[in-house]
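J.: A predicted structure for the sequence below; I have some questions about it.
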There are 2 protein chains.
Amino acid sequence: MISALMLLVTVWSMATPKNEDGSRLWLRLEKTNTTATVTGVKCTAMTELQSYWQGGPVLLKQKKGMPADAYAIKSEGMKTVITAANDAGLLYGAFHLLRLQQTGQSTTGLDISEQPAYDLRILNHWDNPNGTVERGFAGRSIFLNPDPERMKTYARANASIGINGAVLNNVNAKPEALTTENLQKVKVIADQLRPYGIRVYLSINFASPIKVGGLKTADPLDADVVSWWKDKVNEIYKMIPDFGGFLVKANSEGEPGPQDFGRTHADGANMLGKVLKPHKGIVMWRAFVYAPQSPDRANQASLEFMPLDGQFADNVIIQIKNGPVDFQPREPYSPLFTSLQKTPMMVEFQITQEYLGAANHLVYLAPMWKEFFGWVKPASLKAMAGVANIGDDTNWCGHHFAQSNWYAFGRLAWNPNLTSEQIAEEWLRQTFRPTPQPLPVMEGSGHTQGSELSTPLSHREGSGESLLLDMMLRSREACVSYMMPLGIHHIFAGTHHYGPEPWYSPKGVRADWTPPYYHKADSIGLGFDRTLTGSANVKQYPEELCRLYNDINTCPENLLAWFHHVPWDHKMKSGRTFWDELCHKYDEGVREARSFLVVWDAMQPYVDQQRFDEVQRKLRIQARDAEWWRDACLLYFQTFSHRPIPQDMEHPVHNLDEMMKFRIPISMYENPDCGYTK
Amino acid sequence: MISALMLLVTVWSMATPKNEDGSRLWLRLEKTNTTATVTGVKCTAMTELQSYWQGGPVLLKQKKGMPADAYAIKSEGMKTVITAANDAGLLYGAFHLLRLQQTGQSTTGLDISEQPAYDLRILNHWDNPNGTVERGFAGRSIFLNPDPERMKTYARANASIGINGAVLNNVNAKPEALTTENLQKVKVIADQLRPYGIRVYLSINFASPIKVGGLKTADPLDADVVSWWKDKVNEIYKMIPDFGGFLVKANSEGEPGPQDFGRTHADGANMLGKVLKPHKGIVMWRAFVYAPQSPDRANQASLEFMPLDGQFADNVIIQIKNGPVDFQPREPYSPLFTSLQKTPMMVEFQITQEYLGAANHLVYLAPMWKEFFGWVKPASLKAMAGVANIGDDTNWCGHHFAQSNWYAFGRLAWNPNLTSEQIAEEWLRQTFRPTPQPLPVMEGSGHTQGSELSTPLSHREGSGESLLLDMMLRSREACVSYMMPLGIHHIFAGTHHYGPEPWYSPKGVRADWTPPYYHKADSIGLGFDRTLTGSANVKQYPEELCRLYNDINTCPENLLAWFHHVPWDHKMKSGRTFWDELCHKYDEGVREARSFLVVWDAMQPYVDQQRFDEVQRKLRIQARDAEWWRDACLLYFQTFSHRPIPQDMEHPVHNLDEMMKFRIPISMYENPDCGYTK
């Protein structure tokens, strides 16, 4: 008997694919040897197809009247016809065709019609003028000295998933962003991205008229200020005629804003909107505001923005983070999304893993964003923004699997009805499908290369090959479990947000920047009482949800400590006490993280050595970090609960006092080399 | 329903016993308020009973003709009579009685008769003149500035388990041990120990006649040398009339010896024996010899000592380590024990955990020593020596549970037929039984204090309370599993022997001091071929064992890589390949170490906070170390096996290159503060 094991061993030693560094992202099509026959509109779509399309002739047709960016793909005999109203639409159609080819799907008999859910699908880069990237874990800014080849790949990657806008600088914007010198740099980038349908935007500092213009005020109702902005905007559009507009973080975390001059958010946003309007530019005005004196930070955005509902100009969009606090592993949705009735809104997701293990942890974020869309109807939004996880690391995102989050963001901004599974499967097939090595015969399978079903890294119903997809789909819940299950939130280390520091509370640091503000652990229980008898945050939600969240017995358990100060002995649906459930959740997270290593190790024969090793190293860090999270949180909370760790789980292996002494030596601009166990 | 849980919670917060620092060892009897009625022979036994005995009157009777150290205990109505030939026998009897009292056993209706298996039950202290202790992990030498109170506890502890000799200094002996100045210090200690029946011995440097005496040679056949030794021994006995004799490490690891002068071990040992004979002193001559040029270190002792069989004087005992290499977590027995026919022998066990996790790992060693006695008949030996694990740490042994190894050594030296369980149970009851707090009602139990069955820390048939005993009994096998299962040996870090360094092989270090000499990993397999076609070490064993060990299919699997170079795909009894089995064994070790934490955590309500915390910290280190061992060994051996880690176990979470860079900054005289994950 030639056993399956024998075959595996053979594969192990012989068929390892050639090393890759991840720099090609999911765009791993080989250049065709013979130029494909592509006719019709001369545009970037044509260049792409000529380079990578391996099928029959393609005709690119323009058709007025179709919605912007929409496209149709139709097979006409051997020929494939792509139709769109604009070049961008043709390009998206071309990438659709290439994706079918790359994922081994049929490219004949096509009759496809696609239209994006949102006109604006925008990456927010938190890049600083000195090249650092705030909460960026993949090296330095790609825009500091934009390399043409690299910018082209960046643009192609975005276009391949429909992203059509990029805010080039940090929302904590330096006034210098608007100097003529900097605008000239922005123009260079805009010129590089334009062929791929991508507009550039800038974050602006609201005090720019003072800091750059030399004025005495930045009061949005001051005539000189308005005039300064007009001149500046004219200057920009002269250089960059398709400039997208401004992103503004105002009166938030110390940034200047209209309130400094006795004006409202609406006053400030509308002034900018008016100035941009003649150029078809827009303003994205962030609703991320909170105040140190607030007894519940989660309440603050509604308090400031609800009175302004209906007052914003029509080219102003309020950009709201998905959750009411700050990109936590799990939050309920921000209630502004359902309370604002007369205000254009967009959601801001965070693709970079500020709070989800940086570029060390494998966490596929689509399920988190889909969870948001379970609460907030996609149609209620005007646009989607995502804080980018991109830097000058060779593999772009620090972690090979972090590329999947860039990919998923773009795909969901195009079509929020896609499932997490669909997106992950697409991405896996494109990113890891080994080429051009023949695929091994898998245990219990007779498939060989060429078949749509041949790749071992993709999902197949009822096949062991779905392990990797399954791992991606489980990864976000795993992260929630080992970091902060059951509604716990913001118990991160003081500045870097990488590790656990539920005890972090140094003198002089404002309360809402310390974990105890959020977890409120005491001898009675754990969690933030946001019920009607607490901070009343539940009242910001629609009545039905308010009732659901307000009652500890109906509140979803995965948000329990978000809305309630949960007694340690509260009986959970599992029959366990809250304390025991908490312990079990943390331990489940650890076991999940460890199981990812087992899954990944099984993939070794099918993945090139370099990417295999790099992902394996990161997964090992993740497993060790998960253990650290479990131990730090459980041992710290145990000092309040005074209850034993349940007997039917692993017990902490670290000591609380040692963990409390430990500080990870990284800043908000860095990815740790390694986890805690150096 | 007042649930068991409620009771446990109550206990948690109320009944925690008063803190203890471990300094009282297992001698935790409270002093009696009223002096017990003890009559008869005035001796140390009387003092002990008067201080601690809480029962009826005791009579101490001398009876000539009984074997030395033997005793009888007989109840005569209310009175208990202890009979012995000498004061030591009475003292051992007294401690027996006190042990019955302390472990809650009946002290009436007694009819006990005990006699030690060996006349010599000796601790070897590897203490240096500067106060360091070689392979000592519990602080500095207790003999450097011997504190009378501390020496008294040391003596009482030894007497309570029958130990009657102590070699006060390192076998790697400085010549200065024999200076008059040092002998005066030894006399002080001898005087302190004498009331407890303990004789002192010294390790000597064979070159002392040169180094201390100023002679030109130390040739044992040289008349001046003999004369110098005579004078020196006379000097000693004038100061210490009951001096025990010498322990000698000669021509071993660079120590001088008779071979330096063209003489044999027998020449050297017999000369010393002759000099000591008139004083009734003895020579313990170590057989721990090996040579850098030897292709198999395990063969060396037999090669040197077999030709001398029958040549040793009658007051010379050859002291042989239990295994042929060096105190590994598991070794077969040293074949000298069955091949020497006409030579008095004693076994040297190592109580200090040089190779078993130092004072950080909980490893109860009785099962290892009992394993030895499964091969070597106790009656074939003259005596038992144990390398002490004692230092000036408050708790004596560094780890509270390491005290159990001192205890077990003494008990086995008295009676090698005791089971590991019996000894562990005795020790647990004496060491952890909470006094004087009332014991809580246990879940599913109705026992209250005062009953023999009340202690939750001791073994009870069919009771969950046997967990702790069970943990102790599993601990040595666990250590073997996570360090070096299946016969692997000596893959320790270069100098400190604490962590794994199977790769350690720096240039210039002799081969037999590096792990690759022992594991011989290559593409074919792992292990040292000691079969007839290999180093033929199996031939040193009796024919039946030789046959058993020589055949890879009959060799016990737990010694497989000791005797064989095992092919990676060798089929094991489990049905797994050798490689898979190896992986599983390592992982089993990790899981075992983790499970100890779960067991210990359950004991919190019953153990004082200080000892609970201290043991918990150590168990956490042990669990982390176990993971490090597993990962280091499996990932390193995988570079030879080229086989995947099995899917049905946890996968390594550390990276080999990082582990290979890491060095634990400790010496052979230190215990690491903490494991690898600082």
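T.: That came through fine.

J.: so who does the closest residue to residue A:141 other than its chain neighbours touch?
T.: Spatially, and ignoring its direct neighbours in sequence, residue A:141 is nearest to residue A:127 (3.8 Å; C-beta to C-beta, 6 or more residues apart in numbering or on different chains). For the C-beta atoms, the positions are set from N, CA and C on the backbone; glycine is no exception. Residues in contact with residue A:127 (C-beta atoms under 8 Å, 6 or more residues apart in numbering or on different chains) are A:133, A:134, A:136, A:141, A:142, A:143, A:144, A:168, A:169, A:170.

J.: which residues does residue A:127 bridge with?
T.: Listed beta-bridge partners, residue A:127: residue A:133 (assigned using DSSP bridges).

J.: so it versus residue B:428, what's the distance?
T.: 63 Å (C-beta to C-beta, to the nearest Å).

J.: ditto for residue A:502
T.: Counting by C-beta to C-beta, the gap from residue A:502 to residue B:428 is 36 Å.

J.: these two - which one has more neighbours?
T.: residue A:502 (26 against 21; other C-beta atoms under 10 Å in any protein chain shown).

J.: skipping adjacent residues, who's closest to the more buried one in space?
T.: residue A:491 is the one closest to residue A:502 (C-beta to C-beta, 6+ apart), at 4.0 Å.

J.: what score does the one you found have for pLDDT?
T.: Reading off the confidence values, residue A:491 has pLDDT 98.

J.: go on, the one 10 residues further on?
T.: With respect to pLDDT, residue A:501 has a value of 96.

J.: quick one, what contacts the residue lying closest to it once chain neighbours are set aside?
T.: Nearest non-adjacent residue to residue A:501, counting by C-beta to C-beta, 6+ apart: residue A:493, 4.1 Å away. Applying C-beta under 8 Å, 6+ apart to residue A:493 gives the contacts A:499, A:500, A:501, A:504, A:663, A:664.

J.: buried ones among those residues?
T.: The neighbour-count test (16 or more other C-beta atoms under 10 Å in any protein chain shown) marks A:499, A:500, A:501, A:504, A:664 as buried among the contacts of residue A:493.

J.: ok, back up a step: so how far is chain B from the residue nearest to residue A:501?
T.: 18 Å (C-beta to the nearest C-beta, to the nearest Å).

J.: which phi and psi does that residue have?
T.: phi -60, psi 150 (degrees, to the nearest 10).

J.: now residue A:518, nearest residue through space, not along the chain?
T.: Using C-beta to C-beta, 6+ apart, the closest residue to residue A:518 is residue A:490 (4.3 Å).

J.: how about the secondary structure of the one you found?
T.: State at residue A:490, reduced to three classes by DSSP: H, G, I helix; E, B strand; the rest coil: coil.

J.: ok, now how distant is it from chain B?
T.: Residue A:490 is 26 Å from chain B, by C-beta to the nearest C-beta.

J.: count residues in the vicinity of that residue, would you?
T.: 23.

J.: mind listing what it touches?
T.: Residues near residue A:490 by C-beta under 8 Å, 6+ apart: A:325, A:326, A:328, A:484, A:515, A:517, A:518, A:519.

J.: let me know the closest of these to residue A:650.
T.: residue A:484 (18.6 Å; C-beta to C-beta).

J.: what's the end-to-end length of stretch A:156-176?
T.: 29 Å (C-alpha to C-alpha, to the nearest Å).

J.: count of neighbours near residue A:648?
T.: Using other C-beta under 10 Å, residue A:648 is surrounded by 10 other residues.

J.: quick one: it from residue B:472, how far?
T.: Using C-beta to C-beta, we find residue A:648 at a distance of 22 Å from residue B:472.

J.: cool, and residue A:240?
T.: 75 Å.

J.: over to residue A:396?
T.: Distance from residue A:396 to residue B:472, by C-beta to C-beta: 54 Å.

J.: A helix includes residue A:674, no?
T.: No: per three-state DSSP, residue A:674 lies outside any helix segment and is coil.

J.: if I look at it, how far off is chain B?
T.: Counting by C-beta to the nearest C-beta, the gap from residue A:674 to chain B is 7 Å.

J.: again with residue A:384
T.: Taking C-beta to the nearest C-beta, one finds residue A:384 at 36 Å from chain B.

J.: number of residues surrounding the closest residue to residue A:537 other than its chain neighbours?
T.: Counting by C-beta to C-beta, 6+ apart, residue A:537 lies nearest to residue A:530, which is 3.7 Å off, once chain neighbours are set aside. Applying other C-beta under 10 Å, we find 28 residues neighbouring residue A:530.

J.: next up, the contacts around the residue nearest to residue A:502.
T.: Neighbour list for residue A:491: A:484, A:500, A:501, A:502, A:515, A:518, A:519, A:633 [criterion: C-beta under 8 Å, 6+ apart].

J.: now do 6 Å
T.: Counting by C-beta atoms under 6 Å, 6 or more residues apart in numbering or on different chains, residue A:491 touches A:484, A:502, A:515, A:519.

J.: go on, residue A:117?
T.: Taking C-beta under 6 Å, 6+ apart as the test, what residue A:117 contacts is A:378, A:415, A:416.

J.: residue A:420 too?
T.: A:366, A:367, A:370.

J.: just checking, which of the residues you listed belong to helices?
T.: A:366, A:367, A:370 (DSSP state H).

J.: follow-up on the earlier one: of all the buried ones among the contacts of residue A:493, which two lie farthest apart?
T.: Maximum distance among those (C-beta to C-beta): 12.1 Å, for A:504 and A:664.

J.: of the contacts of residue A:490, which is the most crowded?
T.: residue A:484 (30 neighbours).

J.: would you confirm that residue A:110 contacts residue A:73?
T.: Yes: contact criterion C-beta atoms under 6 Å: residue A:110 and residue A:73 qualify, at 5.0 Å.

J.: now secondary structure too, for the buried ones among the contacts of residue A:493, in TSV please.
T.: Shown next, in TSV, are the buried ones among the contacts of residue A:493 (three-state DSSP):
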residue	secondary structure
A:499	coil
A:500	strand
A:501	coil
A:504	coil
A:664	coil
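
J.: next, the buried residues of stretch A:103-123.
T.: For stretch A:103-123, by 16+ other C-beta under 10 Å, it's A:103, A:104, A:107, A:110, A:114, A:116, A:117, A:118, A:120, A:121, A:122, A:123.

J.: which residues does the fifth one contact?
T.: Right, residue A:114. residue A:71.

J.: can you tell me how far residue A:63 sits from residue A:49?
T.: Distance, residue A:63 to residue A:49, by C-beta to C-beta: 18 Å.

J.: the two: which is more packed in?
T.: residue A:49 (28 against 13).

J.: tell me who's in contact with the residue of the stretch 101-250 of chain A found nearest chain B.
T.: Closest residue of the stretch 101-250 of chain A to chain B, C-beta to the nearest C-beta: residue A:137 (18.9 Å). Contacts for residue A:137 (C-beta under 6 Å, 6+ apart) come out as A:358, A:359, A:398, A:671.

J.: and if you look at residue A:195?
T.: Neighbours of residue A:195 in contact, by C-beta under 6 Å, 6+ apart: residue A:44.

J.: per-residue confidence for it?
T.: So, for residue A:195, pLDDT stands at 98.

J.: with residue A:467 instead?
T.: At residue A:467, pLDDT is 89.

J.: hang on, it in a helix?
T.: Yes: per three-state DSSP, residue A:467 lies within a helix segment.

J.: wouldn't it be in contact with residue A:601 here?
T.: No: here residue A:467 does not reach residue A:601: they are 10.8 Å apart, not a contact under C-beta under 6 Å.

J.: point me to the residue of the stretch 201-350 of chain A nearest chain B.
T.: Closest point on the stretch 201-350 of chain A to chain B, by C-beta to the nearest C-beta, is residue A:329, at 21.1 Å.

J.: next one: residue A:187 relative to residue A:284, how far apart?
T.: 21 Å.
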